[in-house]
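Chemist: kindly return the folded structure for what I paste below:
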Amino acid sequence: MAPRLGLPPLGVVVVGRATIASIGGDIDKGRFALGVILIPAGFSACLVPKR
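Modeler: Take a look at the predicted model:
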């Protein structure tokens, strides 16, 4: 249950922090990539059947 509910908001937070940091000139592609990976990872957890 935690991956379904926790990963998408966590991904949004990571992307948001990376966006704010990039305004200051510190562009970190790794943070953007991590955030973008976390968002669909949470939604794909919904596709896994429960036991």
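Chemist: now do the SS call for residue 26.
Modeler: Three-state call for residue 26 (DSSP: H, G, I helix; E, B strand; the rest coil): coil.
Chemist: skipping its backbone neighbours, what lies nearest residue 8 in space?
Modeler: Nearest non-adjacent residue to residue 8, counting by CB to CB, 6 or more residues apart in numbering: residue 42, 4.0 Å away. The C-beta positions use only the backbone N, C-alpha and C, and glycine is treated the same way.
Chemist: what comes up buried for the strand or helix carrying the one you found?
Modeler: Taking DSSP states H and E as the definition, one finds residue 42 inside helix 29-45. Of the residues in helix 29-45, 31-32, 35, 38-39, 42, 45 count as buried by neighbour count, 16 or more other CB atoms under 10 Å.
Chemist: show me what contacts residue 32?
Modeler: 15, 18 (CB atoms under 8 Å, 6 or more residues apart in numbering).
Chemist: run the last query once more with 10 Å
Modeler: 14-15, 18-19, 21-22 (CB atoms under 10 Å, 6 or more residues apart in numbering).
Chemist: helices or strands up against the helix or strand of the chain with the lowest mean pLDDT?
Modeler: Least confident helix or strand, the chain: helix 2-23 with a mean of 82, by mean pLDDT, DSSP states H and E. Packed against helix 2-23 by the contact rule (3 or more CB pairs under 10 Å, 6 or more residues apart in numbering; DSSP states H and E) you find helix 29-45.
Chemist: check the offset of the helix it packs on from the chain's centre.
Modeler: A distance of 4 Å separates the centroid of the chain from that of helix 29-45, by CA atoms, centre = their mean, to the nearest Å.
Chemist: got the angle between it and helix 2-23?
Modeler: 160 degrees (axes from the mean of the first three to the mean of the last three CA atoms, to 10 degrees).
Chemist: quick one: mean pLDDT for helix 29-45?
Modeler: Averaged across helix 29-45, pLDDT comes to 85.
Chemist: what about the residue nearest the centre of the chain, distance to residue 36?
Modeler: Most central in the chain under CA atoms, centre = their mean is residue 11, positioned 1.7 Å from the mean C-alpha point. The gap separating residue 11 from residue 36 is 7 Å, by CB to CB, to the nearest Å.
Chemist: perfect, I'm done here.
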